[in-house]
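Undergrad: give me a model of this one.
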Amino acid sequence: MENKADKASFWAAALSLAATFVASATPIPLYGTYQRIDGVSYFELSLSSVVYFVGAVTALLIFGRLSNHLGRRPVSLMAVVLAAMASVSFLQVHDALPLLTGRFLQGLACGLASTALAAWVVDCAQAVPKWVAPAVISCGPMTGLTIGGIISGILVEYGPIPRQLPFYVVLVLLVICVALVMRAKETMQPSAGALASLKPQMGLPVKARKFFPVAAVTFVSTWALGGFFQAFGPAMANEQLHSSNAVAAALVFASIMAPSTIGASIAGKMRATTSQFYGMVSFAVFVGGLLLALQWGSLTLFLITSILAGTSQGMVLTGSIQTMVSHLQPKERANVLSVIYVTSYVGAAIPTLIAGRMSESFSLLQVACGYGVLALIGAITVIVSRKYQQREFQQCELNG
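TA: Coordinates of the predicted model:
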């Protein structure tokens, strides 16, 4: 398409990408309300995270390449409209069904946004300084989640009609995004093969396959904790840290999500295997600090250790992804990234589902200890495999 370097189109795609993730964090500060007033159980709250991950994986696997054939605009509009439909569903929450429906739609929306809108950002990257597009893609979703959670927490705690106002605000934001996307310039010519593109393609080239086992352990260890925070963040703030304030619940969620961008930045200055090793070991240490903070009921200590764990998470994820993709040909990266995200989402969904069941018989602190075990397994794995990882990575560098 002509004139791909269009600044207005770039910012329309970037804002819509972030807004989709803003919408996905909006209900989280209300989880405590749903539990106390509507009787939504811990298991149902954990199930809401599971269906979110299922929606995201479905979108990534099945619809991940659809925008290459239909164009960026229609698939991006689908993502924004699905996010809006989810917000409408949350306006009806008085039991678990609208909650689960909304979270599934949000998962689909975020999965589509991660492909179509992120690709649109890359298509228009020439219109902005060179560093801006990678920053938007790597930090946009986490920034959106953080902003969405905190603003929703403030509106829930201090605004009128707390169960509705956050979603009305999000709906206005998404309507603005629809208007911007409609005016943005399309960067992909419609082409045949849309139906064929729905067939999932999963596979790893040899260079990525040798690093996958260790990377997969780190993906599961870190993403699982993120799933726990999504499902049980407000409950942890209320029961373990003795704060029923919705802003505190939002800060608990944001404290593990937002700092990962700092960790990614630190990892960018290291060799991939180094950031993977130190990131995973320090993550396990700080998760231990989180458990102590829960045991002592200290919100301040919890937030500090959570920020440090989130930073470590950014380091290990960036390092693990780099071990798998840095030596690949460009055409090989899309499928490898799909395998990485599917592994991560599934790795977050299954422990969350197990945690939901366990929460019916054990305390939140006891359930959280399971995530400490996962982090410890991740740390032991990178320690045991360190020499192998370094040797193989060095060999790949020598071979180009």
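Undergrad: how about the contacts made by S46?
TA: By C-beta atoms under 8 Å, 6 or more residues apart in numbering, the contact list for S46 reads 231-232, 352-353, 355-357, 359. Any C-beta I mention is one placed from the backbone N, CA and C, and that applies to glycine too.
Undergrad: for the helix or strand containing G153, packing partners?
TA: Assigned by DSSP states H and E, G153 falls within helix 132-158. Packing partners of helix 132-158 (3 or more C-beta pairs under 8 Å, 6 or more residues apart in numbering; DSSP states H and E): helix 7-25, helix 118-123, helix 165-183, helix 246-257, helix 260-267.
Undergrad: mind listing what's buried in that helix?
TA: Residues of helix 132-158 classed as buried: 133, 135-153, 155-157 (neighbour count, 16 or more other C-beta atoms under 10 Å).
Undergrad: take the helices and strands packed on helix 132-158 and lay them out in JSON lines including mean neighbour count and mean pLDDT.
TA: Listed next are those as JSON lines, based on neighbours: other C-beta atoms under 10 Å; pLDDT from 0 to 100:
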{"stretch": "helix 7-25", "mean neighbour count": "25", "mean pLDDT": "94"}
{"stretch": "helix 118-123", "mean neighbour count": "24", "mean pLDDT": "87"}
{"stretch": "helix 165-183", "mean neighbour count": "18", "mean pLDDT": "97"}
{"stretch": "helix 246-257", "mean neighbour count": "26", "mean pLDDT": "83"}
{"stretch": "helix 260-267", "mean neighbour count": "21", "mean pLDDT": "84"}
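Undergrad: for those, which one sits closest to Q295?
TA: Closest of the helices and strands packed on helix 132-158 to Q295 is helix 246-257, at 15.8 Å (criterion: C-beta to C-beta).
Undergrad: angle of the closest one against helix 165-183?
TA: Counting by axes from the mean of the first three to the mean of the last three C-alpha atoms, to 10 degrees, helix 246-257 points 50 degrees away from the direction of helix 165-183.
Undergrad: so what does helix 246-257 touch, helix or strand wise?
TA: With 3+ C-beta pairs under 8 Å, 6+ apart as the test, helix 246-257 has helix 31-38, helix 132-158, helix 212-235, helix 299-325 packed against it.
Undergrad: make it 7 Å
TA: Here helix 246-257 touches helix 132-158, helix 212-235, helix 299-325, going by 3 or more C-beta pairs under 7 Å, 6 or more residues apart in numbering; DSSP states H and E.
Undergrad: could you work out which of these reaches nearest to L100?
TA: Using C-beta to C-beta as the measure, helix 212-235 is the one of those that comes nearest L100, at 12.2 Å.
Undergrad: how far does the closest one sit from the chain's center?
TA: Between the centre of helix 212-235 and the centre of its chain there are 10 Å (C-alpha atoms, centre = their mean, to the nearest Å).
Undergrad: likewise for stretch 211-223?
TA: How far stretch 211-223 lies from its chain's middle: 15 Å, per C-alpha atoms, centre = their mean.
Undergrad: averaged pLDDT, it. What do you get?
TA: What stretch 211-223 shows for mean pLDDT is 94.
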